[in-house]
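Participant: build me a structure from this.
(2 chains)
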Amino acid sequence: MTRRIALLAGTLLMASLTWAQAPATPAPAPAPAAPAAAPAPAPVMITDQEIKNTPTPSADAKAKGDPDGSLTGNVSDIVVADSKKGVTVEDALNQIGQNRVAINFVWTLITGFLVMFMQAGFAIVETGLCRAKNANHTMMMNFMVYGTGLLAYWLIGFAIQMGGVGALGTLGSTPVLNGEFAMKLFGKDFGLWGQNGLFLMHKGTYDVAVMVLFLFQMVFMDTALTIVTGTAAERWKYAAFILSSFVMGAFTYPLFANWAWGGGWLANLGGNFNLGHGYADFAGSGVVHAVGGITALAMGILIGPRIGKYDRSGKANVLLGHDIVLVLLGCFILAFGWFGFNPGSTLAASGNGALRIGSVAVNTMLAGMTGSFGAMLYMWLRYGKPDASMSGNGLLAGLVAITAPSGFVNPVGSAIIGLIAGVLVCVSVEFVDRVMRVDDPVGAISVHGANGLWGVISVGLFADGKSNYGGSWNGVNGNVTGLFYGDAGQLVAQLIGVCTLVGFVFTFSFVANWIIDVLVGQRVGAKAELEGLDMPEMGALGYPEFELKASAARM
Amino acid sequence: MAIAGLIVTLLGFIIALASVGMSSSVGGRMVIVLIGLVVSLVGIIGLVNPAFQKKAVWKK
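Facilitator: Residues are numbered from 1 along each chain as shown, chains lettered A, B, ... in the order given. The predicted model follows:
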């Protein structure tokens, strides 16, 4: 075989695999006068024969073990297509390409597993903030929202969300997800929902890259669903919860997620209407948290406050949760899971600017920290004590707010975003509780709704134009840049996203849950609520020993 | 009143969506979008929520 390939070209294979999102190279600034440049090195050629001649560790050397790791992983580990030919240049290049995709697969899967574990954090935060008499019911909602959401998303939701996303280069392409339904509006295509991927079998979607994408997107969807259980806790009829969660996993979440991440109309506001890079939501302040928080607001209004939350004059009473230890432990678990949520949203660790995962992770840490400080200081100054549950909510608020901008902002920006979120969550809790009189036992509307919206807006303010994920975001060349760095159009795109969440998602969620209310009733009876939902709804107490103590006390 | 509130809430979204067709300037679009946001918030806070507060459990 006379085939010869330049080694230089081979080592640059990564760059060649960045698909159509190759960055628009900015015009270089005029270079200052320099001494005569050295001549460019001639390309180094490599042949199949040279690869075959590459020395490998001897069997004797390997027989002694490899304590320092210097012998493990070499040319003999390259997978060959034809054992008679041995290793060829083609084999080596294929191995490089597959290694890149494998790195991205493993990264995306592991970060998805971290996000899945956030369900445990949500479960104990919500249960800790509820009263002991509802512990079993609250835990079961958080437990079964995982299965209910997964079922709905597998059957319908994933196809609606990602069925028309097109090829994702970081996962080795997903060309089968190419069925976006769109309508013409203002002379442009408005993508509304995807059509491929029902049951993960439909139209060739039984595909390794689609599976990775499904897993990662599924755990995000479940995060949104579990937000609602916190607001409706202590009075939500279990059957209604199952129906409501199914509808949200199948339709509410996937619709907005399609518009933002699946190639829908919000993502294309940049390409179609010259509004920055279109709606930019790196990891889901809007898609996940605001959708969950706004749906929680709809549910909170619809289902009404718990008995005893307000007195006859409308004054709010505090119904204390039963375990602050669980609450703060849950917050830590959520903060840990957020390292999957945000950095994992690159869907890559190799190529396409994915090395910003370090920056994304640090931004996440910083915003969580300033969020908890903001809330703690606010409560300390206003009420005289550094409230533990609100400090925890401040941490979560900072994390929620940084979720959308985490991939686009610098550390100072992320610290400011988190600090504002920490204060905002306290102010919002007071507003929802005392002005709107919407009973939210865990503060989910404020943590996820208000701060999800703040996170979306903050992209349009603080994005510094330094991130570059393969040269374009939402198909618009260049870097996402906010108002403070010169692009007001990006802020408008973000605000349109906010209006969609507040105007469309709220209405959709409200109507869907109203229908469920008419069909099966959303709220338990007063007797069951006063007794606690563990026995009437679940048939078992969360803490049987508590009942024994109460019985003994009565005797 | 709850249904009227939902209609107003949705109207705010439609106003924001229409901004891309109603104006070509960034400033004009921003103003229209902010109007849409206010309309939606009025729908939720001013209409839907009060409609459901009328039959709140603490008023019984």
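Participant: make it CA atoms for all contacts and neighbour counts henceforth
Facilitator: Noted.
Participant: which SS class is the residue minimising distance to the centre of chain B?
Facilitator: By C-alpha atoms, centre = their mean, chain B has its centre lying nearest to B:Ser40, at 1.3 Å. Under DSSP: H, G, I helix; E, B strand; the rest coil, B:Ser40 falls in the helix class.
Participant: excluding its backbone neighbours, what's nearest it?
Facilitator: Sequence neighbours aside, B:Thr9 is the residue nearest to B:Ser40 in space, at 3.9 Å (criterion: C-alpha to C-alpha, 6 or more residues apart in numbering or on different chains).
Participant: pretty sure that neighbour contacts B:Ile44?
Facilitator: Yes: between B:Thr9 and B:Ile44 there is a contact under C-alpha atoms under 8 Å: 6.3 Å.
Participant: wouldn't the residue nearest to the centre of chain B be in contact with A:Gly503 here?
Facilitator: Yes: applying C-alpha under 8 Å, one finds B:Ser40 in contact with A:Gly503, separated by 5.4 Å.
Participant: need the residues touching each of those two.
Facilitator: Taking C-alpha atoms under 8 Å, 6 or more residues apart in numbering or on different chains as the criterion, B:Ser40 and A:Gly503 both touch B:Thr9, B:Leu10, B:Leu11, B:Gly12, B:Phe13.
Participant: of those, grab the buried ones for PyMOL.
Facilitator: Buried members of the shared contacts of B:Ser40 and A:Gly503 can be picked out in PyMOL with the line below, counting by 16 or more other C-alpha atoms under 10 Å in any protein chain shown:
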select buried, chain B and resi 9+10+11+12+13
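Participant: so the residue of chain A found nearest chain B: helix, strand or coil?
Facilitator: Sorted by distance to chain B under C-alpha to the nearest C-alpha, the residues of chain A start with A:Gly503, at 4.6 Å. Following three-state DSSP, A:Gly503 is assigned to helix.
Participant: residues touching it, list them.
Facilitator: Here A:Gly503 is in contact with B:Thr9, B:Leu10, B:Leu11, B:Gly12, B:Phe13, B:Leu37, B:Ser40, B:Leu41 (C-alpha under 8 Å, 6+ apart).
Participant: in a markdown table: these, plus secondary structure.
Facilitator: Below are the contacts of A:Gly503 laid out as a markdown table (three-state DSSP):
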| residue | secondary structure |
| --- | --- |
| B:Thr9 | helix |
| B:Leu10 | helix |
| B:Leu11 | helix |
| B:Gly12 | helix |
| B:Phe13 | helix |
| B:Leu37 | helix |
| B:Ser40 | helix |
| B:Leu41 | helix |
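Participant: let me have those in JSON lines, extended by pLDDT.
Facilitator: Output for these, formatted as JSON lines (pLDDT from 0 to 100):
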{"residue": "B:Thr9", "pLDDT": "98"}
{"residue": "B:Leu10", "pLDDT": "98"}
{"residue": "B:Leu11", "pLDDT": "98"}
{"residue": "B:Gly12", "pLDDT": "98"}
{"residue": "B:Phe13", "pLDDT": "98"}
{"residue": "B:Leu37", "pLDDT": "98"}
{"residue": "B:Ser40", "pLDDT": "98"}
{"residue": "B:Leu41", "pLDDT": "98"}
